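Participant: fold the following and give me the result.
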Amino acid sequence: MKRFLVLLIVVFIAANIANAQSENSTAGSSTYKTAIGVKFYPGAITLKHFVTSQNALELLGYFKNNGARITGLYEIHGNISNAGGLKWYVGPGAHVSFYTQKYGGGGSVGIDGIIGLDYKVSSAPVNLSLDWQPSFDFKSLDGIIVNWFGIAVRYTF
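Facilitator: Next up, the predicted model:
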């Protein structure tokens with residue numbers, strides 16, 4: 001339970017710091033509105049959509065041999081000075097998991113956090129991202145999951 005509280009506090013502090021910084025920043029906006037693609041480790045289908053110039057929603061569908069997991073994330077993006085197309089992002093989220101009978105069956109819910117870098121290739125409709133997505137699952141035997149690092153490749157609209 002202590003780990004869960006620490007993870008929750010870290011996610012909310014990071015989101016508040018990022019939000020304060022993004023409110024103070026007036027430089028630039030995202031160079032794409034929507035992107036769809038794949039994310040590696042674990043494998044997922046990803047859809048990212050900017051609702052404002054610095055705030056995005058991301059939906060992830062993970063499919064593994066023990067079931068599936070749907071994750072929704074709210075991401076706050078900020079520019080990195082002198083690095084065209086490169087942004088940092090941080091945010092909270094939640095997930096719902098569905099397990100096969102082999103792994104106990106049924107479903108579960110949990111909370112997620114994310115922190116990463118997002119890059120839009122200027123000469124092509126391609127977006128790349130690298131992130132860390134710790135989470136806490138309320139039913140899973142894993143509980144706190146800290147080893148999910150992802151690389152996403154998306155087509156931008």
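Participant: quick one: pLDDT of the most centrally placed residue in the chain?
Facilitator: The chain has Ile114 as the residue nearest its centroid, 4.7 Å off, counting by CA atoms, centre = their mean. On the pLDDT scale, Ile114 is placed at 98.
Participant: that one against His95, yeah?
Facilitator: No - look at Ile114 against His95 with CB atoms under 8 Å: they stay out of range, at 11.3 Å. C-beta here means a position set from N, CA and C on the backbone, and glycine is covered the same way.
Participant: right, and the helix or strand after the helix or strand of the chain with the lowest mean pLDDT?
Facilitator: Across the helices and strands of the chain, the lowest-confidence element by mean pLDDT, DSSP states H and E is helix 2-24, at a mean of 46. Scanning forward in sequence from helix 2-24 by DSSP states H and E, the next helix or strand is strand 34-40.
Participant: buried set for that following strand?
Facilitator: Buried residues in strand 34-40, counted by 16 or more other CB atoms under 10 Å: Ala35, Gly37, Lys39.
Participant: contacts only, for the second one.
Facilitator: When you say that, I think you mean Gly37. Ile45, Thr46, Asn127, Ala152, Val153, Arg154, Tyr155 (CB atoms under 8 Å, 6 or more residues apart in numbering).
Participant: I'm done for today, thanks for sticking with me.
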